[in-house]
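Q: Give me the fold of what follows.
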Amino acid sequence: MNNDFAFSVKRIRFDENYRPADTTRITTNFANLARGEMREENLRNTLRMINNRFNAMADWDNPNGDRYGVELDIVSVEMAVDAAARDEALPLIEILQTHIVDKATNQRVEGIAGNNFSSYVRDYDFSVVLKEHNRGRESFSVPEDFGVLHGQLFRAFLHSDAYRENFAKPPVICISVSSTRTYYRTDNVHPVLGVEYRKEESSLTDAYFHEMGLRVRYFMPPGSVAPLAFYFMGDLLGDYTNLELISTISTMDSFQKIYRPEIYNANAAAGQVYRPSLEEPDYSLTRIVYDREERTRLASEQGQFVEEHFIKPNRQVLEQWTARQAS
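A: Numbering: from 1, shown residues only. Below you'll find the predicted structure:
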(Lines give C-alpha, C1' and ligand atoms only; values in the text may rest on other atoms or scores of the structure.)
Protein backbone atom coordinates (compact mmCIF):
# COMPACT_ATOMS: atom_id res chain seq x y z
CA MET A 1 0.00 0.00 0.00
CA ASN A 2 1.36 3.41 -0.94
CA ASN A 3 0.74 6.12 1.68
CA ASP A 4 2.93 8.85 0.17
CA PHE A 5 1.04 9.78 -2.96
CA ALA A 6 -2.65 10.55 -3.39
CA PHE A 7 -4.44 9.33 -6.51
CA SER A 8 -7.71 10.64 -7.85
CA VAL A 9 -9.86 9.61 -10.81
CA LYS A 10 -11.82 11.84 -13.16
CA ARG A 11 -14.06 10.72 -16.00
CA ILE A 12 -15.33 12.24 -19.20
CA ARG A 13 -17.59 10.49 -21.69
CA PHE A 14 -16.11 9.77 -25.10
CA ASP A 15 -18.99 10.49 -27.47
CA GLU A 16 -19.65 12.73 -30.46
CA ASN A 17 -19.73 15.77 -28.14
CA TYR A 18 -16.37 14.98 -26.56
CA ARG A 19 -13.88 17.81 -26.24
CA PRO A 20 -10.46 17.12 -24.67
CA ALA A 21 -10.03 18.55 -21.17
CA ASP A 22 -7.28 21.11 -20.61
CA THR A 23 -5.24 18.51 -18.71
CA THR A 24 -5.55 15.82 -21.37
CA ARG A 25 -2.35 14.77 -23.09
CA ILE A 26 -2.95 16.12 -26.57
CA THR A 27 -1.01 13.20 -27.98
CA THR A 28 -3.69 10.88 -26.61
CA ASN A 29 -5.16 9.07 -29.58
CA PHE A 30 -8.78 9.91 -28.85
CA ALA A 31 -7.91 13.57 -28.26
CA ASN A 32 -6.29 13.63 -31.69
CA LEU A 33 -9.59 12.48 -33.22
CA ALA A 34 -11.57 15.23 -31.48
CA ARG A 35 -9.87 18.24 -33.01
CA GLY A 36 -10.23 20.15 -36.24
CA GLU A 37 -13.06 20.65 -38.68
CA MET A 38 -13.88 16.94 -38.89
CA ARG A 39 -14.09 16.37 -35.12
CA GLU A 40 -17.80 15.53 -34.84
CA GLU A 41 -17.80 13.32 -37.93
CA ASN A 42 -14.60 11.63 -36.71
CA LEU A 43 -16.17 10.83 -33.36
CA ARG A 44 -19.49 9.71 -34.81
CA ASN A 45 -17.80 7.38 -37.30
CA THR A 46 -15.45 5.97 -34.66
CA LEU A 47 -18.31 5.13 -32.31
CA ARG A 48 -20.26 3.56 -35.16
CA MET A 49 -17.27 1.36 -36.01
CA ILE A 50 -16.98 0.22 -32.39
CA ASN A 51 -20.68 -0.61 -32.05
CA ASN A 52 -20.81 -2.45 -35.37
CA ARG A 53 -17.71 -4.46 -34.45
CA PHE A 54 -19.18 -5.38 -31.06
CA ASN A 55 -22.48 -6.60 -32.51
CA ALA A 56 -20.69 -8.56 -35.24
CA MET A 57 -18.78 -10.46 -32.57
CA ALA A 58 -21.64 -10.79 -30.05
CA ASP A 59 -23.99 -12.29 -32.62
CA TRP A 60 -25.87 -14.81 -30.44
CA ASP A 61 -29.49 -13.77 -29.68
CA ASN A 62 -28.74 -10.73 -31.82
CA PRO A 63 -30.48 -11.37 -35.17
CA ASN A 64 -30.52 -7.74 -36.32
CA GLY A 65 -26.96 -6.98 -35.24
CA ASP A 66 -27.98 -4.03 -33.09
CA ARG A 67 -28.62 -5.41 -29.62
CA TYR A 68 -25.59 -3.86 -27.95
CA GLY A 69 -24.02 -0.46 -27.62
CA VAL A 70 -20.60 0.40 -26.19
CA GLU A 71 -20.13 3.43 -23.98
CA LEU A 72 -16.62 4.73 -23.35
CA ASP A 73 -15.31 6.79 -20.46
CA ILE A 74 -11.93 8.48 -20.67
CA VAL A 75 -10.46 8.00 -17.20
CA SER A 76 -7.83 10.54 -16.13
CA VAL A 77 -5.67 9.55 -13.16
CA GLU A 78 -4.09 12.40 -11.24
CA MET A 79 -1.41 12.04 -8.58
CA ALA A 80 -0.41 14.47 -5.84
CA VAL A 81 3.11 13.95 -4.49
CA ASP A 82 1.95 15.57 -1.26
CA ALA A 83 -1.40 14.07 -0.21
CA ALA A 84 -2.26 17.36 1.52
CA ALA A 85 -1.82 19.33 -1.72
CA ARG A 86 -4.29 17.67 -4.07
CA ASP A 87 -4.78 20.93 -5.97
CA GLU A 88 -1.23 20.46 -7.30
CA ALA A 89 -1.93 17.00 -8.70
CA LEU A 90 -0.26 15.96 -11.94
CA PRO A 91 -2.27 14.24 -14.69
CA LEU A 92 -0.38 10.95 -14.57
CA ILE A 93 -2.10 8.50 -16.95
CA GLU A 94 -5.24 8.14 -19.04
CA ILE A 95 -7.07 4.93 -19.81
CA LEU A 96 -10.44 3.98 -21.26
CA GLN A 97 -13.23 2.11 -19.55
CA THR A 98 -15.92 0.36 -21.52
CA HIS A 99 -19.54 -0.18 -20.53
CA ILE A 100 -21.89 -2.48 -22.42
CA VAL A 101 -25.50 -1.45 -22.96
CA ASP A 102 -27.86 -4.37 -23.62
CA LYS A 103 -30.88 -2.84 -25.34
CA ALA A 104 -32.85 -6.10 -25.08
CA THR A 105 -32.71 -6.21 -21.28
CA ASN A 106 -32.12 -2.50 -20.59
CA GLN A 107 -29.00 -3.38 -18.62
CA ARG A 108 -25.72 -1.48 -18.49
CA VAL A 109 -22.78 -3.71 -17.63
CA GLU A 110 -19.30 -2.57 -16.61
CA GLY A 111 -16.66 -3.56 -19.11
CA ILE A 112 -12.86 -3.59 -18.91
CA ALA A 113 -10.67 -0.73 -17.70
CA GLY A 114 -7.41 -0.01 -19.51
CA ASN A 115 -7.75 -0.55 -23.27
CA ASN A 116 -5.94 2.52 -24.57
CA PHE A 117 -3.05 3.66 -22.36
CA SER A 118 -1.46 7.10 -22.25
CA SER A 119 1.14 8.37 -19.81
CA TYR A 120 3.08 11.58 -19.33
CA VAL A 121 5.93 9.73 -17.61
CA ARG A 122 6.11 7.25 -20.48
CA ASP A 123 6.52 10.21 -22.86
CA TYR A 124 9.39 11.38 -20.65
CA ASP A 125 11.03 7.94 -20.58
CA PHE A 126 10.89 7.32 -24.33
CA SER A 127 11.29 10.88 -25.64
CA VAL A 128 13.78 12.29 -23.13
CA VAL A 129 15.53 9.58 -21.07
CA LEU A 130 16.05 7.08 -23.88
CA LYS A 131 17.07 9.77 -26.34
CA GLU A 132 19.63 11.31 -23.97
CA HIS A 133 21.00 7.91 -22.95
CA ASN A 134 21.74 6.99 -26.57
CA ARG A 135 23.09 10.35 -27.68
CA GLY A 136 26.54 9.78 -29.18
CA ARG A 137 26.44 5.99 -28.71
CA GLU A 138 27.34 3.72 -31.60
CA SER A 139 24.73 1.09 -30.68
CA PHE A 140 21.32 1.38 -29.04
CA SER A 141 21.03 0.52 -25.35
CA VAL A 142 18.56 0.99 -22.50
CA PRO A 143 19.34 2.50 -19.07
CA GLU A 144 19.42 -0.08 -16.27
CA ASP A 145 16.51 1.52 -14.39
CA PHE A 146 14.47 2.34 -17.49
CA GLY A 147 10.75 2.32 -16.72
CA VAL A 148 11.17 1.53 -13.02
CA LEU A 149 9.65 4.78 -11.73
CA HIS A 150 6.76 4.61 -14.18
CA GLY A 151 6.12 0.97 -13.34
CA GLN A 152 6.06 1.59 -9.62
CA LEU A 153 3.74 4.58 -10.01
CA PHE A 154 1.35 2.41 -12.03
CA ARG A 155 1.47 -0.40 -9.45
CA ALA A 156 0.84 2.10 -6.66
CA PHE A 157 -2.27 3.32 -8.46
CA LEU A 158 -3.54 -0.25 -8.87
CA HIS A 159 -3.16 -0.77 -5.11
CA SER A 160 -4.77 2.56 -4.21
CA ASP A 161 -8.20 3.19 -2.75
CA ALA A 162 -8.95 5.23 -5.88
CA TYR A 163 -8.57 2.14 -8.08
CA ARG A 164 -10.59 -0.15 -5.83
CA GLU A 165 -13.40 2.40 -5.59
CA ASN A 166 -13.65 2.81 -9.37
CA PHE A 167 -12.88 -0.56 -10.95
CA ALA A 168 -13.97 -4.11 -10.18
CA LYS A 169 -11.21 -5.97 -12.03
CA PRO A 170 -7.55 -5.48 -12.99
CA PRO A 171 -6.87 -3.55 -16.21
CA VAL A 172 -6.24 -4.95 -19.67
CA ILE A 173 -4.27 -2.73 -22.04
CA CYS A 174 -4.61 -3.54 -25.74
CA ILE A 175 -2.14 -2.11 -28.25
CA SER A 176 -0.67 -2.78 -31.68
CA VAL A 177 1.85 -5.50 -32.28
CA SER A 178 5.41 -4.39 -32.96
CA SER A 179 6.57 -3.73 -36.51
CA THR A 180 10.08 -4.90 -35.56
CA ARG A 181 9.13 -8.42 -34.44
CA THR A 182 7.95 -11.62 -36.14
CA TYR A 183 4.87 -13.44 -34.86
CA TYR A 184 4.01 -17.12 -35.27
CA ARG A 185 0.50 -18.56 -35.34
CA THR A 186 -0.19 -21.27 -32.75
CA ASP A 187 -2.87 -23.97 -32.55
CA ASN A 188 -4.56 -22.27 -29.59
CA VAL A 189 -7.90 -20.69 -30.52
CA HIS A 190 -10.21 -18.86 -28.11
CA PRO A 191 -13.86 -18.34 -29.15
CA VAL A 192 -13.66 -14.56 -28.59
CA LEU A 193 -9.96 -13.62 -28.54
CA GLY A 194 -9.36 -15.78 -31.61
CA VAL A 195 -6.11 -17.33 -32.81
CA GLU A 196 -3.14 -16.95 -30.49
CA TYR A 197 0.23 -15.84 -31.87
CA ARG A 198 3.60 -15.87 -30.15
CA LYS A 199 6.91 -14.17 -30.73
CA GLU A 200 10.35 -15.42 -29.82
CA GLU A 201 11.94 -12.15 -28.76
CA SER A 202 10.55 -9.75 -26.18
CA SER A 203 10.53 -6.04 -26.99
CA LEU A 204 11.29 -2.84 -25.15
CA THR A 205 7.54 -2.32 -24.82
CA ASP A 206 7.19 -5.76 -23.21
CA ALA A 207 9.90 -4.89 -20.70
CA TYR A 208 8.28 -1.54 -19.98
CA PHE A 209 4.89 -3.11 -19.29
CA HIS A 210 6.60 -5.82 -17.22
CA GLU A 211 7.77 -3.07 -14.86
CA MET A 212 4.07 -2.18 -14.53
CA GLY A 213 3.28 -5.74 -13.44
CA LEU A 214 1.76 -6.76 -16.78
CA ARG A 215 2.54 -9.65 -19.12
CA VAL A 216 1.47 -10.06 -22.73
CA ARG A 217 -0.32 -12.48 -25.05
CA TYR A 218 -1.15 -11.96 -28.73
CA PHE A 219 -4.49 -12.88 -30.28
CA MET A 220 -6.11 -12.24 -33.65
CA PRO A 221 -9.87 -12.06 -32.96
CA PRO A 222 -12.43 -13.37 -35.48
CA GLY A 223 -12.89 -10.78 -38.22
CA SER A 224 -9.52 -9.11 -37.55
CA VAL A 225 -6.59 -9.15 -39.99
CA ALA A 226 -3.74 -8.84 -37.47
CA PRO A 227 -3.12 -9.89 -33.88
CA LEU A 228 -3.49 -7.44 -31.01
CA ALA A 229 -1.19 -7.31 -27.99
CA PHE A 230 -3.07 -7.78 -24.69
CA TYR A 231 -1.17 -6.71 -21.57
CA PHE A 232 -2.75 -7.98 -18.35
CA MET A 233 -2.22 -9.49 -14.91
CA GLY A 234 -3.94 -12.62 -13.69
CA ASP A 235 -5.77 -14.82 -16.21
CA LEU A 236 -6.75 -13.06 -19.43
CA LEU A 237 -8.91 -15.95 -20.60
CA GLY A 238 -10.53 -16.71 -17.23
CA ASP A 239 -10.97 -13.41 -15.41
CA TYR A 240 -13.22 -11.66 -17.93
CA THR A 241 -16.54 -12.53 -19.54
CA ASN A 242 -16.98 -12.86 -23.29
CA LEU A 243 -18.84 -9.55 -23.46
CA GLU A 244 -16.11 -7.81 -21.46
CA LEU A 245 -13.46 -9.10 -23.84
CA ILE A 246 -15.55 -8.14 -26.88
CA SER A 247 -15.88 -4.59 -25.53
CA THR A 248 -12.10 -4.25 -25.49
CA ILE A 249 -11.60 -5.94 -28.86
CA SER A 250 -14.28 -3.87 -30.61
CA THR A 251 -12.89 -0.65 -29.15
CA MET A 252 -9.20 -1.22 -29.76
CA ASP A 253 -9.53 -3.04 -33.09
CA SER A 254 -11.50 -0.04 -34.36
CA PHE A 255 -8.97 2.45 -33.01
CA GLN A 256 -6.08 0.53 -34.54
CA LYS A 257 -7.77 0.54 -37.95
CA ILE A 258 -7.65 4.33 -37.65
CA TYR A 259 -4.17 4.65 -36.10
CA ARG A 260 -2.36 1.94 -38.06
CA PRO A 261 -4.39 1.04 -41.15
CA GLU A 262 -1.32 -0.52 -42.82
CA ILE A 263 -1.52 -3.29 -40.20
CA TYR A 264 -5.11 -3.44 -38.96
CA ASN A 265 -6.98 -2.41 -42.10
CA ALA A 266 -4.78 -4.42 -44.45
CA ASN A 267 -6.54 -6.20 -47.30
CA ALA A 268 -4.94 -9.55 -46.41
CA ALA A 269 -4.99 -11.24 -43.01
CA ALA A 270 -1.87 -12.28 -41.10
CA GLY A 271 -0.59 -15.74 -42.03
CA GLN A 272 1.27 -18.46 -40.17
CA VAL A 273 4.37 -16.30 -39.90
CA TYR A 274 3.59 -12.60 -39.61
CA ARG A 275 5.84 -9.52 -39.70
CA PRO A 276 3.73 -6.35 -39.28
CA SER A 277 4.81 -3.40 -41.41
CA LEU A 278 3.83 0.25 -41.53
CA GLU A 279 5.18 0.21 -45.10
CA GLU A 280 2.49 -2.23 -46.29
CA PRO A 281 0.92 -0.69 -49.44
CA ASP A 282 -2.14 -2.97 -49.66
CA TYR A 283 -4.55 -1.51 -47.11
CA SER A 284 -7.72 0.55 -46.91
CA LEU A 285 -8.24 3.89 -45.22
CA THR A 286 -11.14 4.65 -42.90
CA ARG A 287 -13.14 7.86 -43.28
CA ILE A 288 -11.62 9.17 -40.06
CA VAL A 289 -8.90 11.83 -39.96
CA TYR A 290 -5.96 11.04 -37.69
CA ASP A 291 -2.67 13.00 -37.57
CA ARG A 292 0.06 10.46 -36.81
CA GLU A 293 2.94 12.86 -37.46
CA GLU A 294 1.57 15.47 -35.06
CA ARG A 295 1.22 12.83 -32.35
CA THR A 296 4.89 11.87 -32.66
CA ARG A 297 6.04 15.48 -32.46
CA LEU A 298 3.90 16.33 -29.45
CA ALA A 299 5.05 13.26 -27.52
CA SER A 300 8.54 14.80 -27.36
CA GLU A 301 7.17 18.16 -26.20
CA GLN A 302 5.12 16.54 -23.46
CA GLY A 303 8.08 14.46 -22.32
CA GLN A 304 9.97 17.69 -21.77
CA PHE A 305 6.96 19.13 -19.96
CA VAL A 306 6.85 16.32 -17.40
CA GLU A 307 10.60 16.58 -16.90
CA GLU A 308 10.32 20.25 -15.99
CA HIS A 309 7.10 20.11 -13.96
CA PHE A 310 7.27 16.71 -12.28
CA ILE A 311 10.62 14.92 -12.47
CA LYS A 312 13.01 17.78 -11.66
CA PRO A 313 10.97 19.44 -8.85
CA ASN A 314 10.35 16.08 -7.15
CA ARG A 315 13.50 14.16 -8.05
CA GLN A 316 14.69 13.53 -4.49
CA VAL A 317 11.25 12.49 -3.25
CA LEU A 318 10.73 10.19 -6.25
CA GLU A 319 14.16 8.56 -5.89
CA GLN A 320 13.61 7.90 -2.17
CA TRP A 321 10.13 6.53 -2.80
CA THR A 322 11.34 4.30 -5.65
CA ALA A 323 14.09 2.89 -3.44
CA ARG A 324 11.58 2.10 -0.69
CA GLN A 325 9.26 0.38 -3.16
CA ALA A 326 12.10 -1.74 -4.52
CA SER A 327 13.10 -2.88 -1.03
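
Q: What segments of the stretch 201-327 of the chain are helices?
A: Under the criterion DSSP state H, counting those that start in this stretch, helices of the stretch 201-327 of the chain are mapped to 204-211, 242-259, 261-264, 292-306, 315-326.

Q: What confidence value was assigned to residue 152?
A: pLDDT for residue 152: 96.

Q: Repeat that for residue 28.
A: 53.

Q: Kindly report the same for the one 3 residues further on.
A: Turning to residue 31, the model gives it a pLDDT of 62.

Q: repeat for residue 202
A: At residue 202, pLDDT is 90.

Q: Could you do residue 36 as well?
A: 65.

Q: before we move on, back to that, which of the helices of the stretch 201-327 of the chain comes out lowest on mean pLDDT?
A: helix 292-306 (a mean of 74).

Q: Could you list the low-pLDDT ranges of the stretch 51-200 of the chain?
A: 83-88 (pLDDT under 70).

Q: Just the helices from it, written as ranges.
A: Using DSSP H, counting those that start in this stretch, the helices of the stretch 51-200 of the chain run over 120-124, 130-133, 148-158, 161-166.

Q: can these go into CSV with extra columns for mean neighbour count?
A: C-beta here means a position set from N, CA and C on the backbone, and glycine is covered the same way. Output for those, formatted as CSV (neighbours: other C-beta atoms under 10 Å):
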stretch, mean neighbour count
helix 120-124, 23
helix 130-133, 14
helix 148-158, 20
helix 161-166, 13
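
Q: need those helices in JSON lines with distance to residue 186, can you?
A: Compiled in JSON lines, the helices of the stretch 51-200 of the chain are given as follows (distance: least, C-beta to C-beta, whole Å):
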{"stretch": "helix 120-124", "distance to residue 186": "30"}
{"stretch": "helix 130-133", "distance to residue 186": "32"}
{"stretch": "helix 148-158", "distance to residue 186": "28"}
{"stretch": "helix 161-166", "distance to residue 186": "33"}
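
Q: Quick one, which of those helices gets closest to residue 243.
A: helix 161-166 (19.8 Å; C-beta to C-beta).

Q: before we move on, back to that, kindly compare burial across the helices of the stretch 201-327 of the chain and name the winner.
A: helix 242-259 (a mean of 24; mean count of other C-beta atoms under 10 Å).

Q: Among the helices of the stretch 201-327 of the chain, single out whichever gets nearest to residue 61.
A: Of the helices of the stretch 201-327 of the chain, nearest to residue 61 by C-beta to C-beta is helix 242-259, at 11.8 Å.

Q: by contact count, what packs against the closest one?
A: helix 29-33, helix 39-57, strand 68-80, strand 90-102, strand 107-119, strand 172-176, strand 228-232, helix 261-264 (3 or more C-beta pairs under 8 Å, 6 or more residues apart in numbering; DSSP states H and E).

Q: Which helix or which strand is home to residue 12?
A: strand 6-14 (DSSP states H and E).

Q: Tell me which strands that strand pairs with, and in which orientation.
A: strand 68-80 (antiparallel) (DSSP bridges).

Q: now the partner strand and helix 39-57, what's the angle there?
A: 120 degrees (axes from the mean of the first three to the mean of the last three C-alpha atoms, to 10 degrees).
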